[in-house]
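Trainee: output the structure for:
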Amino acid sequence: MKKLLLAVIVACLLFSTKTFAQRISEGPGFTLVLCADGSAQAWGSNYVGQLGDNGTGEDSPIPVDVYDINNLVSIDAGTTFSLALKNDGSVWAWGDNTNGACGDGTYETRFAPVQVYGPDSVSFLDNVQDIAAGNQVALALKNDGTVWSWGSGYRGVAGVNDPNGLHHLYPVQVTGTDGIGFLEDIIEIEVSDYSAYALKSDGTVWAWGENMDAQLGDGTTINRFAPIQIPELTDVVHITAGTSCAYAIKSDGTVWGWGGNDYGKLGAGTLDFTYSTPVQMLGVESAVAVAAGQHFVVILNNEGGIFTCGNNSDGQLGDGTVEDRSIADPVPGLSSIAEISAGGKTALVMDNDGNLFAWGDNIVGQIGDGTLSDKWTPTYVASACSMLLETNHFAHAQNSLVAFPNPGSHYVFVETDGLLNHTMNLFDINGTLISTLLVNNPISSIDVSNLPAGIYVLRDSTDLTSTKIIVE
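Mentor: Got it, this is the predicted structure:
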């Protein structure tokens, strides 16, 4: 076997009460979680810094802390960047900044959070109550009901009546219809790729940006550079945006969708048919939330149950199969769910106790269970918001303890660099002692073939140095 020495992480483990999740957001290939203490964690793809861990852009199949940020009340994952809202109304961003989506006046990739400037490029954006992240475009809803955008202006997504699609390094105010006045009385905002949506206090929905697949719901495929009202859609209490489509929940708990219907993701019982105006989703009642990924959708009802439909190529419908569905069916094994999110081909839900479950595509570790294998049914994300592996308490590798191969599936070897006659304890992610190893050789082996896939910690009982071991 070829020995592969990996850079490891050494920690002083804190076996204390967990800090559970409070909010969740799934992006294409990465996951964001807002912990109950106001901090945030992320995992999955990180090639442009979308995890915000102040690192070098390395992917992570396990949760890492978003660097030096706290007092958060909301988060949102865009295509390749992330947004966070603090309790003081300020907005922070990190990740891909090619079109200025981080709002800091530059085009520089940000591997750690930066504060979004105000429209005057001097002060900072403030009095924000809601945020939304798309494909290099960001939206903010202020307390006064106005909407502001920055980043990409492609195909009119900036909402400022600009057919040239200019990028904006600082926030600009979204205009009214035909560029006259400004959009007002908004209570919720959503954006996906280059299409944006806003819900007014009167229950009407307004949209702008790309409309090639009729995702603006106005009966046309004409891009809109300023907001237009979606006709005959009223009494709406919640909106969400998906890939070339959008959804709305009415006050009676029914779900309505429009735009592209690839794989039956609108839940209308048909496949590959575009709906240019809203159509009701079949078999869904008492809905309270909708989350849309790449050609699939997740619905939460008022009893804490989960329903899914659309594309299922990577198990993202959570039913244990890879069969597409054009009518929403329940996801088995889940109950008391409080929040849902979807991005790419991965779904993430949180129950009333703050526990996280994910399923679907896991090619870059976005499930967060320490593996890179897809999950066709809900998988518990054990380490999210756990103090056990809180990365602010980690320092990079010391040469005294190195594990390889890591991840491993049969045997993991531990090189101790001369530390002999030491006792090593193997713990699971919750701090439960799994086994004890007496080290009498420079390289020792640990049989992990009978352990469930996930994250474990090997700790030297003498000097307390530790290393994470990932079992596939």
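
Trainee: and residue 128, what does it touch?
Mentor: 85, 89, 90, 91, 140, 141, 142, 143 (C-beta atoms under 8 Å, 6 or more residues apart in numbering). Just so you know, the C-beta spots here come from the backbone N, C-alpha and C atoms, and that holds for glycine as well.

Trainee: can you show me the helices along the stretch 351-472 of the chain?
Mentor: Under the criterion DSSP state H, counting those that start in this stretch, the stretch 351-472 of the chain carries no helices.

Trainee: where does pLDDT dip in it?
Mentor: The stretch 351-472 of the chain contains residues with pLDDT under 70 at 383, 386-400, 417-421, 429-432, 461-465.

Trainee: count of neighbours near residue 186?
Mentor: Residue 186: 23 surrounding residues under other C-beta atoms under 10 Å.

Trainee: tell me the phi and psi of it?
Mentor: Dihedral angles of residue 186 (phi, psi; degrees, to the nearest 10) stand at phi -90, psi 140.

Trainee: quick one on the thing from earlier: looking at the contacts of residue 128, which two lie furthest apart in space?
Mentor: Farthest pair in these (C-beta to C-beta) is 90 and 141. Separation: 13.9 Å.

Trainee: comparing those two, which residue is more hemmed in?
Mentor: When neighbours are counted by other C-beta under 10 Å, residue 90 and residue 141 differ, and residue 141 comes out ahead with 24 against 17.

Trainee: contacts only, for residue 335.
Mentor: Contact analysis of residue 335 by C-beta under 8 Å, 6+ apart lists 304, 305, 351.

Trainee: which pLDDT value goes with the second one?
Mentor: In this case it means residue 305. For residue 305, the model assigns a pLDDT of 96.

Trainee: ok, and the closest non-adjacent residue to it?
Mentor: Nearest non-adjacent residue to residue 305, counting by C-beta to C-beta, 6 or more residues apart in numbering: residue 330, 5.9 Å away.

Trainee: one step back: by neighbour count, which of the contacts of residue 335 wins?
Mentor: Highest neighbour count within the contacts of residue 335: residue 351, with 17 neighbours (other C-beta under 10 Å).

Trainee: so what's that residue up against?
Mentor: Here residue 351 is in contact with 304, 334, 335, 336, 337, 338, 357 (C-beta under 8 Å, 6+ apart).

Trainee: let's go with 7 Å and repeat that
Mentor: Counting by C-beta atoms under 7 Å, 6 or more residues apart in numbering, residue 351 touches 336, 337, 338.

Trainee: so the last one touches residue 353, yeah?
Mentor: No: in this structure, residue 338 is not within contact of residue 353 by C-beta atoms under 7 Å, at 8.7 Å.

Trainee: these two - which one has more neighbours?
Mentor: Higher neighbour count among residue 338 and residue 353: residue 338, with 18 against 9, using other C-beta under 10 Å.

Trainee: check contacts around that one.
Mentor: So residue 338 contacts 350, 351, 352 (C-beta under 7 Å, 6+ apart).

Trainee: same question for residue 196.
Mentor: Neighbour list for residue 196: 139, 157, 159, 207, 208, 209 [criterion: C-beta under 7 Å, 6+ apart].

Trainee: before we move on, what about residue 160?
Mentor: Counting by C-beta under 7 Å, 6+ apart, residue 160 has contacts 172, 174, 175.

Trainee: try 6 Å
Mentor: By C-beta atoms under 6 Å, 6 or more residues apart in numbering, residue 160 lies in contact with 172, 175.

Trainee: any idea whether it is helix, strand or coil?
Mentor: On the three-state scheme (DSSP: H, G, I helix; E, B strand; the rest coil), residue 160 is labelled coil.

Trainee: again with the one 10 residues further on
Mentor: Of the three states, residue 170 takes strand according to three-state DSSP.

Trainee: now it: how far from residue 154?
Mentor: Here residue 170 is placed at a distance of 17 Å from residue 154 (C-beta to C-beta, to the nearest Å).
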